[in-house]
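Asker: The sequence and its predicted three-dimensional model are supplied below.
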Amino acid sequence: MPSTEDAEQAFLGDGEMARRMRAHDWADTPLGEPSQWPSSLQTACRICLTSSFPMVVWWGEDLFFLYNDAYRPFLGTKHPALAKAGSEVWTEIWGTIGPMLTSVLRSGQPTWSKDELLLMNRHGYWEETYWTWSFSPLHDDAGAVRGVFTVATDATQRVIGERRMALLTTLSALAGGVHSVPEACERVTRALGRAGKDVPFAAVYLRRRDADGAVLACLSPPGAEPALQRGGPGAWPVTEVLRSGQAIRVGDVRNRYAPLPSGGWPSSPPRPWCCHWPGRGSVRPRARSSWRPAPPGHWTILTSPSSSWWRITPRR
């Protein structure tokens, strides 16, 4: 371990990561004792540890990982990851960021990425996340590029929020000029078909007017009706939802149906919601083609990535 005086000089601050770095056995790592580090690495660590902005210092060919308190929440259960090789810390996204970091080491040219999609597994499940970051070269005392300095921000909530708001705006605009229930259903599912990242699959059923049960009105994507699994528990719980008026989350959908559409994600959502649309009025042509709520008994099935591993973007 470094001496107390050396550690205090090298790792300023009173945060968790400063304390961890002061207590770390650096002699047992490829980085060696901090007193022997290049002055640029020492300076980068001081800037990192004393900043309230999320920062990372990557050093050496293996891009050993040093980070501050502001970056710590981004790691989830990967923390602590002090002085580990970057590829060991961020295995699931290394195919994206690894070549970029290596490029900075080789060329000495910085990079900038905005709202970049990274699929992360840092809490025991996969997440849809978006990031803005810069990769800047760090030089040793001889002027050679030996590391990379990173400043990062999590843009996930903004990117997904803007995407959802665009969908809601589209759905609102579609309300004008609707003359019938089937037309309303078709417009809604057509809009959802262009929003696969948030709603990979939707089915709208209409209650039969002359009998119990419901009939399928339309699907998103079109023609995406999944095949029933042999020996499974059956189709969607239509009768239960219509009888109770309560939404049901179908946790056994994989036993009921073949895989649902995934919306472009690596896997389809395994726990879709079945929801009731209880409307109060009717849909009929008027002078200005205004929209009114659908008749009682209309319901929809909507599925969302959040019901499986995309938990960072819950869609309820």
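Answerer: Great, that's in hand.
Asker: In space, what's closest to A184 - neighbours in sequence excluded?
Answerer: Nearest residue to A184, sequence neighbours excluded (CB to CB, 6 or more residues apart in numbering): V178, at 4.7 Å. Using the backbone N, CA and C atoms, a C-beta is placed for each residue, glycine as well.
Asker: residues near that neighbour, how many?
Answerer: Neighbours of V178 under the rule other CB atoms under 10 Å: 22.
Asker: Now it: phi and psi?
Answerer: Per-residue torsions, V178: phi -80, psi 130 (degrees, to the nearest 10).
Asker: From W265, how far off is it?
Answerer: As judged by CB to CB, to the nearest Å, V178 and W265 stand 31 Å apart.
Asker: returning to that earlier point: shouldn't the residue nearest to A184 be in contact with E186?
Answerer: No - counting by CB atoms under 8 Å, V178 stays clear of E186, with 9.5 Å between them.
Asker: R249: what's it in contact with?
Answerer: Counting by CB atoms under 8 Å, 6 or more residues apart in numbering, R249 makes contact with 271-274, 307.
Asker: ok, so of these, who is nearest T77?
Answerer: For those, the residue nearest T77 by CB to CB is S307; the value is 21.4 Å.
Asker: Could you give the bridge partners of the residue nearest the centre of the chain?
Answerer: When CA atoms, centre = their mean is applied to the chain, the residue found nearest the centroid is E128 (1.7 Å). Counting by DSSP bridges, E128 is bridged to L119.
Asker: Return the distance of the longest helix anywhere in the chain from the chain's centre.
Answerer: When the chain is parsed with DSSP state H, its longest helix is helix 156-174. Chain-centre distance of helix 156-174: 16 Å, with CA atoms, centre = their mean, to the nearest Å.
Asker: buried stuff in the very next helix or strand once past that helix?
Answerer: Moving toward the C-terminus from helix 156-174, the next helix or strand (DSSP states H and E) is helix 181-192. Using 16 or more other CB atoms under 10 Å as the test for burial, helix 181-192 gives 181, 184-189, 191-192.
Asker: Likewise for stretch 66-76?
Answerer: Those buried within stretch 66-76 under the rule 16+ other CB under 10 Å are 66-72, 74-75.
Asker: what bits of the stretch 101-250 of the chain have low per-residue confidence?
Answerer: Within the stretch 101-250 of the chain, the segments meeting pLDDT under 70 span 210-212.
Asker: ranges for the strands of it?
Answerer: 111-121, 126-139, 145-154, 201-207, 214-220, 248-249 (DSSP state E, counting those that start in this stretch).
Asker: Let me know which of those strands is tucked in deepest.
Answerer: Most buried of the strands of the stretch 101-250 of the chain by mean neighbour count (mean count of other CB atoms under 10 Å) is strand 201-207; its value is a mean of 23.
Asker: mind checking the SS state of V57?
Answerer: Counting by DSSP: H, G, I helix; E, B strand; the rest coil, the backbone at V57 sits in strand.
Asker: I'd like to check which residues are in contact with Y67.
Answerer: Under the criterion of CB under 8 Å, 6+ apart, the neighbours of Y67 are 17, 48, 54-57, 75, 81-82.
Asker: Kindly recompute the last result at 10 Å.
Answerer: Applying CB atoms under 10 Å, 6 or more residues apart in numbering to Y67 gives the contacts 17, 21, 48-49, 54-58, 74-75, 79-82, 89, 150, 152.
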